[in-house]
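*Asks:* I'll drop the sequence and a predicted model, then ask my questions.
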Amino acid sequence: MHLNPYGEDVVNLAADLANRRPGDPAELTARCRAAGLALDDATPADLVRTMAALDAWEKIVDADAEHDRAALLNEMLATASAHPRLTNHTGTGWHVHYRDDHQPAGAVLHTLIAVGTAFHLSGRGMHRLHRCAVTECLTIFADTSRTGRQRYCSQRCANRDAVRRHRAQAAKTAG
Ligand SMILES: [Zn+2]
Ligand SMILES: [Zn+2]
């Protein structure tokens with residue numbers, strides 16, 4: 001089974017890994033597989049490579065201007081991806097790889113995150129990658145909402161901010 005790089009699974013996996021960094025290679029492997037990615041067992045070198053990819057990815061998240069965001073992502077794509085090719089290596093259906101065959105898990109993740117993010121931003125909108133608007137949260141999320149105006153990582157944070165704004169408004173009115 002493979003994550004569809006056109007879909008939202010890849011950016012969601014990237015956000016999950018960036019928000020809560022895996023502590024060891026076994027955890028990295030387990031969390032990728034739980035997300036539906038058929039990944040070889042990650043080694044310590046794969047974990048290091050993945051952390052570097054996530055560092056580069058967080059800079060993309062934090063880039064405000066579209067051009068900066070695109071330039072950073074293009075850098076990541078240049079180091080991570082190879083020419084696209086069709087493959088049916090698992091026998092479960094033909095799909096496109098953007099990398100050479102027989103890459104270690106860290107390199108696979110690096111490519112997948114870069115390519116998946118490029119499809120997400122170009123397909124849904126360049127602004128659709130954020131940190132939560134609640135300042136003490138700052139959780140990263142990919143906005144895959146219909147309207148593209150999601151501001152919070154979760155309903156919990158949306159509620160928290162609504163309560164806070166309501167209190168601030170009430171204090172102003174009372175004051
Ligand atoms: Zn594949
Ligand atoms: Zn949040």
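*Replies:* Thanks, I have the structure now. Numbers count the residues shown, from 1 in each chain. Ligands and ions are numbered 1, 2, ... in the order given.

*Asks:* please enumerate the helices of this protein.
*Replies:* Listed in chain order, the helices of the chain (DSSP state H) span residues 9-19, 25-34, 44-62, 66-80, 105-124, 155-174.

*Asks:* for those helices, which one sits closest to ligand 2?
*Replies:* With CB to the ion, the closest approach to ligand 2 among the helices of the chain belongs to helix 155-174: 3.2 Å. Quick note: C-beta positions are derived from backbone N, CA and C, even for glycine.

*Asks:* which other helices and strands does the closest one contact?
*Replies:* With contacts defined as 3 or more CB pairs under 8 Å, 6 or more residues apart in numbering; DSSP states H and E, there are no secondary structure elements packing on helix 155-174.

*Asks:* how about that helix as PDB, C-alpha atoms only?
*Replies:* Presented in PDB, the C-alpha positions along helix 155-174 are these (Å, rounded to 0.1, in the frame of the first residue of the first chain):
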ATOM      1  CA  GLN A 155     -11.700  22.000  17.500                       C
ATOM      2  CA  ARG A 156     -10.300  22.100  21.000                       C
ATOM      3  CA  CYS A 157      -8.000  25.100  20.100                       C
ATOM      4  CA  ALA A 158     -10.800  26.800  18.100                       C
ATOM      5  CA  ASN A 159     -13.000  26.600  21.200                       C
ATOM      6  CA  ARG A 160     -10.200  27.800  23.500                       C
ATOM      7  CA  ASP A 161      -9.600  30.800  21.300                       C
ATOM      8  CA  ALA A 162     -13.400  31.600  21.100                       C
ATOM      9  CA  VAL A 163     -13.700  31.500  24.900                       C
ATOM     10  CA  ARG A 164     -10.700  33.800  25.200                       C
ATOM     11  CA  ARG A 165     -12.000  36.300  22.600                       C
ATOM     12  CA  HIS A 166     -15.400  36.300  24.300                       C
ATOM     13  CA  ARG A 167     -13.800  37.000  27.700                       C
ATOM     14  CA  ALA A 168     -11.700  39.800  26.200                       C
ATOM     15  CA  GLN A 169     -14.800  41.300  24.700                       C
ATOM     16  CA  ALA A 170     -16.700  41.000  27.900                       C
ATOM     17  CA  ALA A 171     -13.900  42.700  29.800                       C
ATOM     18  CA  LYS A 172     -13.900  45.600  27.400                       C
ATOM     19  CA  THR A 173     -17.600  46.000  27.600                       C
ATOM     20  CA  ALA A 174     -17.500  45.900  31.400                       C
END
